[in-house]
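[1] Turn this into a structure:
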Amino acid sequence: MDKEQLIQGYIANSLSDTDKEVVEKLLETDADFKLALTSHNDMAMAYKLSEAQNLKTRFQKLEQENTKNHNNKFGISKLWYSAIAAVLIIGFFYITNSNTTGEDLFNSNFTTYPNTYQPVTRNTSENENSKAFVAYENKDFKNAELAFKEILKTSRDPNIRFYYAMTLMNTSQLDIALEQLQQLSKDTYDYKSETLWYTALIYIQKEDYKNAKASLKSLDLLNTTFKSEERQLILQKLED
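    As a prediction, this is how the structure comes out:
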């Protein structure tokens, strides 16, 4: 099975357990594959929303026509059309979204955040910070985790704590990562928007959708463009 088939099967939740394991491995090791899966998932979600809106518009037109036609031989009332529309729209979302789990949403939206705080160059001096970020850029997240943890013993830099949380997410330590991100909630620092986004993703993975929506809405209040399309699609999905 090629990568395109794997992506389509993953979104449709029709893969075997073996193929799902292949996809999950690719999501961890193949950045291009992860980007492609995210793009496919976003397009699929947008299509579903569009189809639901088209269905709603169609029934609104039928209601208007029925109102004008007083001699409707079937005697179908406006209330009846509304009931049919509601049932079909609800059914549409149930059928298309019922197989999507918090794990699916997390996997299709989580990407490793790049090192924009202390980029590594040839002239980077050898110190604890540089060791941590060199490991992070090399995706050696276990050693990066240990290095960031050591730095935080003597530093209160919230930006370092953010990257420490990112290493924890990349080693699937989501509970500890969430604790670290929550510590940052009241701080002012460079990665406020990113913190809310990754906090929301962890809540989504846990299927704690109430807190996930709260984090995404807090992100909206910052008036940032960070992940603007993705978060609106997720909010729409969580609220339907």
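[2] Isn't Gln205 up against Ser172?
    No. In this structure Gln205 lies outside contact range of Ser172 using C-beta atoms under 8 Å: 9.8 Å. Quick note: C-beta positions are derived from backbone N, CA and C, even for glycine.
[3] So which residue is smack in the middle of the protein?
    With distances taken as C-alpha atoms, centre = their mean, Asn109 lies nearest the centre of the chain, 3.8 Å away.
[4] distance of it from Lys227?
    8 Å (C-beta to C-beta, to the nearest Å).
[5] from memory the residue nearest to the centre of the chain sits against Ser39, does it?
    No. Applying C-beta under 8 Å, one finds Asn109 not in contact with Ser39, separated by 11.3 Å.
[6] per-domain residue ranges of this protein.
    3-100, 109-239 (automatic domain parsing).
[7] would CSV of those domains with mean pLDDT be doable?
    Shown next, in CSV, are the domains of the chain (pLDDT from 0 to 100):
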stretch, mean pLDDT
domain 3-100, 63
domain 109-239, 92
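[8] Give me whichever of those domains is most buried.
    Counting by mean count of other C-beta atoms under 10 Å, domain 109-239 has the highest mean neighbour count of the domains of the chain, with a mean of 17.
[9] Ends of that one, what's the gap?
    Domain 109-239 has its terminal residues 17 Å apart, counting by C-alpha to C-alpha, to the nearest Å.
[10] tell me how far it is from the chain's mean position?
    For domain 109-239, the separation from the chain centroid amounts to 14 Å (computed by C-alpha atoms, centre = their mean, to the nearest Å).
[11] swap in stretch 107-118?
    Centroid separation for stretch 107-118 versus its chain: 12 Å, with C-alpha atoms, centre = their mean.
[12] List of residues touching that stretch?
    Applying C-beta atoms under 8 Å, 6 or more residues apart in numbering, the external contacts of stretch 107-118 come out as 11, 24, 27, 31, 34-35, 37-38, 41, 124, 129-130, 133, 136-137, 139, 159-160, 163, 166, 169-170, 190-191, 194, 198, 201, 204, 230, 234.
[13] got it, and stretch 182-191?
    113, 117, 158-159, 161-162, 165, 192, 195, 199.
[14] Stretch 17-37 too?
    So stretch 17-37 is contacted by 1, 3, 6-7, 9-11, 15, 107-108, 111-112 (C-beta under 8 Å, 6+ apart).
[15] and with 10 Å instead?
    Here stretch 17-37 makes contact (C-beta atoms under 10 Å, 6 or more residues apart in numbering) with 1, 3-11, 13, 15-16, 38, 103, 106-112, 139, 170, 172.
[16] among the residues you listed, which are in helices?
    3-11, 38, 103, 106-109, 170 (DSSP state H).
[17] Could you single out the nearest of those to Asn211?
    Of all those, Phe106 has the smallest distance to Asn211: 13.8 Å, by C-beta to C-beta.
[18] what about the closest one, how many neighbours?
    Residues within reach of Phe106, counting by other C-beta atoms under 10 Å, total 21.
[19] Leaving out chain neighbours, which residue sits closest to it?
    Gln205 (3.8 Å; C-beta to C-beta, 6 or more residues apart in numbering).
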